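S.K.: Fold the stuff below for me.
(one chain, ligands or ions: 1)
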Amino acid sequence: MNVLITGATSGIGHQLALDYAKDGHRVVACGRKQDALDTLASAYPDQIKTLRFDITDKSETLSALATQEPIDIAILSAGVCEYLDVKHFDADMFERVFRVNVFGTMNTVEALLPNLNRGSKLVIVGSLARLLPFTKAQAYGGSKAAIHYITRSLEVDLKETYGIDVLAVSPGFVKTPMTDANDFEMPMRVSVEFASQAIRKGISKGRRDIGFPKLFSGMLRVMSLLPQGMQVALSRRMARNS
Ligand SMILES: NC(=O)c1ccc[n+]([C@@H]2O[C@H](COP(=O)([O-])OP(=O)(O)OC[C@H]3O[C@@H](n4cnc5c(N)ncnc54)[C@H](OP(=O)(O)O)[C@@H]3O)[C@@H](O)[C@H]2O)c1
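M.R.: As a prediction, this is how the structure comes out:
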C-alpha cells in the first residue's frame, strides 16, 4: 500500500512511518525538519520517500503533493499544542494553533484529494481533548473539536462523492515531544508504539473514530455526557489537583 503521513518527523507520525515501512508498505513521510526526514528515510531507504513542506503554506502544500502516486492511506498527524494562561490572554495563540491544526490540515486535504481514490482512507488525527472543557486548553481543545466536526462532516460528503473513507483518530496522552513539554500529570499516558499500533489496527478495521487508550477514552466519553455544570466542576477539580 502507499501510505502518506504528515507530522512524520516526530512523535506519533514518526512511529507510524517506521511501522508501516517495517510492514513492507511504501511511505511518503512529510514534515518540515529536513534532518529528521533524512534520518527517517535512512531507516528504510527503499520504502520511505520524504516531502518537506509547511502545511500552513497552501501553495507549498499544493505543489509538494501535486505529483504523488495514488494514495491508499493518508494520515494527517501534523499538529501543535499551546496552552492559554488567562492572566496573560493571548488571542494570537488561537490563530497559531488553528492555523496548523485546522487550516493547515484542510490545505493538506485539498492537496491530497486528486490522489485519493474510491476505497482510499483519509485519516485525521484529533484528540480526546475535544470531549471536555479542560483547563488552559481553549485553543488546542477548540481546534481539535473543530477538526473532529470537520472530519465527521467530510465523512458524509467524501464517501458519497468519491468513495473515500474518512476516519477520525482521538488519542489520549501519548509520550512525544509534544507532551514532554507538559508540566502536569498525564493520566494513562501511552507510548508512541502503543499509539501507532492502535491507529494501524483501527485503520485496518475501518473504525470511524479510533480512540485510545480504551479505558481513558471510555471515561472521557462518559464524562462528556454529564451536565455542563458537572463537567466544569470536574475540570476545575482536575486543574486544582494538577
Ligand atoms: N501526544 C499526545 O498526547 C497527543 C494527544 C492527542 C492528540 N495528539 C495529536 O497527534 C498529532 C501528533 O502529535 P505528536 O504528539 O506526535 O506531536 P509532535 O511530536 O510534536 O509532532 C508534531 C508533528 O507535526 C509537524 N508539524 C507541526 N507544525 C507543522 C507545520 N506547520 N507544517 C508541517 N508539519 C508540522 C511536526 O513537524 P516538524 O517538527 O518537522 O515541523 C511534527 O512532525 C497532533 O495532531 C496532536 O495534536 C497528540
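
S.K.: residues of the lengthiest helix in the chain that come out buried?
M.R.: What stands out as the longest helix in the chain, according to DSSP state H, is helix 138-162. The neighbour-count check on helix 138-162 (16 or more other Cβ atoms under 10 Å) flags 138-148, 150-151, 154-155, 158 as buried. No exception for glycine: its C-beta is placed from N, CA and C like everyone else's.

S.K.: packing partners for that helix?
M.R.: helix 91-98, helix 105-112, strand 116-125, strand 165-171 (3 or more Cβ pairs under 8 Å, 6 or more residues apart in numbering; DSSP states H and E).

S.K.: Go through the ones you listed and pick out the most buried.
M.R.: strand 165-171 (a mean of 22; mean count of other Cβ atoms under 10 Å).

S.K.: pull the CA atoms of the next helix or strand after that one into PDB?
M.R.: Using DSSP states H and E, the next helix or strand after strand 165-171 towards the C-terminus is helix 177-180. Output of helix 177-180 as PDB, limited to C-alpha atoms (Å, rounded to 0.1, in the frame of the first residue of the first chain):
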ATOM      1  CA  PRO A 177       7.900  15.800  22.300                       C
ATOM      2  CA  MET A 178       4.500  17.500  22.400                       C
ATOM      3  CA  THR A 179       3.600  16.100  25.800                       C
ATOM      4  CA  ASP A 180       7.200  16.100  27.100                       C
END
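
S.K.: quick one: helix 177-180 near the ligand?
M.R.: Yes - contact of helix 177-180 with the ligand (Cβ under 6 Å from any ligand atom) involves 177, 178, 179.

S.K.: Is there a quick ChimeraX command that grabs whichever of the residues you listed are buried?
M.R.: Buried residues among the residues of helix 177-180 next to the ligand (16+ other Cβ under 10 Å), as a ChimeraX selection:
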select :178
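
S.K.: which of the residues of helix 177-180 next to the ligand lies closest to residue 106?
M.R.: Closest approach to residue 106 among those (Cβ to Cβ): residue 178, at 20.6 Å.

S.K.: Nearest spatial neighbour of the closest one, chain-adjacent residues omitted?
M.R.: Closest residue to residue 178 apart from its sequence neighbours, by Cβ to Cβ, 6 or more residues apart in numbering: residue 81 at 5.4 Å.

S.K.: who's in contact with that neighbour?
M.R.: Residue 81 sits next to 97, 140, 178, 181 when contact means Cβ atoms under 8 Å, 6 or more residues apart in numbering.

S.K.: Would you check how far apart the nearest residue to residue 32 once chain neighbours are set aside and residue 60 are?
M.R.: With sequence-adjacent residues excluded and distances taken as Cβ to Cβ, 6+ apart, residue 32 is closest to residue 54, at 5.5 Å. According to Cβ to Cβ, to the nearest Å, residue 54 and residue 60 sit 6 Å apart.

S.K.: try residue 77
M.R.: 18 Å.

S.K.: And for residue 225?
M.R.: Distance from residue 225 to residue 60, by Cβ to Cβ: 42 Å.

S.K.: cool, residue 175 as well?
M.R.: To residue 60, residue 175 is 30 Å away according to Cβ to Cβ.

S.K.: Give the bridge partners for the residue nearest the centre of the chain, please.
M.R.: Closest to where the C-alpha atoms of the chain average out (Cα atoms, centre = their mean) is residue 125, at 2.4 Å. Residue 125 has the following beta-bridge partners by DSSP bridges: residue 169.
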